[in-house]
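Q: just to be clear, the model below is a prediction. Sequence and coordinates:
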Amino acid sequence: MSAALAVLLLQGWQPLPDVLLRQLEAQHAGPTPGTSLQQYAGVVLLGGALEPSYIWQAHGQPALNGAAERMTVPVALLQQHPHLRILFTGGEGDLFAKGLTEADRARIFFDSMGVSPQRILYESASHTTYENAVFSAKVPGVNPAQPWLLLTSASHMPRAMATFRKAGWNVTPYPVDFRTGTQTPWTEYSLADGAKRWHLVLHELAGLLSYRLAGRA
């Protein structure tokens with residue numbers, strides 16, 4: 001068997017997670033470019049784009065992961081829409097983690113970007129998407145019945161939207177951090193990428209199923 005054929009055979013299983021990921025990302029479209037956002041009270045921003053606390057503390061500077069658009073897109077939205085504010089929600093995904101919470105790290109990031117502290121609210125106790133929705137509704141000055149934009153990764157949006165709406169939020173999706181296009185060239189497939197996409201897809205599908213069984217979505 002030639003090396004080229006072996007590579008093709010190894011890559012043959014990888015289009016499946018790509019298709020599943022594309023389906024997740026396509027479930028919720030955000031506002032079309034140029035659409036007025038004047039009616040929205042703000043942007044609910046879910047954590048998940050920040051590297052662990054120990055990395056921040058070791059180097060004394062912000063560190064974003066592969067979902068960085070969760071943090072960079074809101075900065076642009078605030079610049080373009082002066083009436084908007086951000087509600088960042090995220091404590092620490094690891095129950096036994098120590099150090100800076102996600103909200104602490106988000107504050108450092110937004111301060112470094114020159115964002116006015118008066119335009120950002122923080123919720124720092126949540127560990128899950130369900131807790132994001134429930135705890136954020138209790139932040140002083142927040143009315144979940146008002147229209148809000150919900151900003152998170154496109155693949156996470158189906159679970160996030162179902163959870164927030166179940167919790168009584170009036171949210172409109174604003175998906176970012178897309179990992180697929182309308183199609184993927186075969187030259188872009190790799191074993192490492194395939195494994196990452198399987199992990200992401202299975203995490204979201206399992207999470208959505210468990211939330212629905214528990215009545216949280």
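A: On my side now, so go ahead. Numbering: from 1, shown residues only.
Q: which stretches of this protein form helices?
A: 3-11, 15-25, 53-59, 69-80, 102-112, 129-136, 157-166, 191-213 (DSSP state H).
Q: what's near enough to touch residue 176?
A: 69, 70, 73, 151, 152, 153, 154 (CB atoms under 8 Å, 6 or more residues apart in numbering). (Glycine included, C-beta is placed from N, CA and C.)
Q: please redo it, this time with the cut-off set to 6 Å
A: 69, 70, 73 (CB atoms under 6 Å, 6 or more residues apart in numbering).
Q: ok, now residue 113?
A: residue 75.
Q: gap between it and residue 104?
A: Applying CB to CB, to the nearest Å, the value for residue 113 to residue 104 is 15 Å.
Q: where does the residue most central in space within the chain land on pLDDT?
A: Centroid-nearest residue in the chain, with CA atoms, centre = their mean: residue 152, separated by 2.9 Å. With respect to pLDDT, residue 152 scores 98.
Q: count the neighbours of the closest residue to it other than its chain neighbours for me.
A: Closest residue to residue 152 apart from its sequence neighbours, by CB to CB, 6 or more residues apart in numbering: residue 46 at 4.2 Å. A count of neighbours around residue 46, defined by other CB atoms under 10 Å, yields 25.
Q: do the same with the one 4 residues further on
A: Other residues near residue 50 number 26, with proximity taken as other CB under 10 Å.
Q: surely the residue nearest to the centre of the chain and residue 160 touch.
A: Yes: using CB atoms under 6 Å, residue 152 makes contact with residue 160 at a distance of 5.0 Å.
Q: just the CA atoms of stretch 44-61, as CSV, please.
A: Taking C-alpha atoms only, stretch 44-61 is exported to CSV below (Å, rounded to 0.1, in the frame of the first residue of the first chain):
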residue,chain,number,x,y,z
VAL,A,44,-24.6,37.7,27.3
LEU,A,45,-21.1,36.3,26.8
LEU,A,46,-20.3,32.7,27.8
GLY,A,47,-16.9,31.8,29.1
GLY,A,48,-14.8,29.2,27.4
ALA,A,49,-12.3,31.2,25.4
LEU,A,50,-9.7,31.7,28.2
GLU,A,51,-6.7,29.6,28.9
PRO,A,52,-6.4,28.2,32.5
SER,A,53,-5.6,30.5,35.4
TYR,A,54,-2.1,29.0,35.9
ILE,A,55,-1.0,30.1,32.4
TRP,A,56,-2.2,33.7,33.1
GLN,A,57,-0.5,33.8,36.4
ALA,A,58,2.8,32.4,35.1
HIS,A,59,3.2,35.0,32.4
GLY,A,60,1.3,38.0,33.6
GLN,A,61,-0.7,38.5,30.4
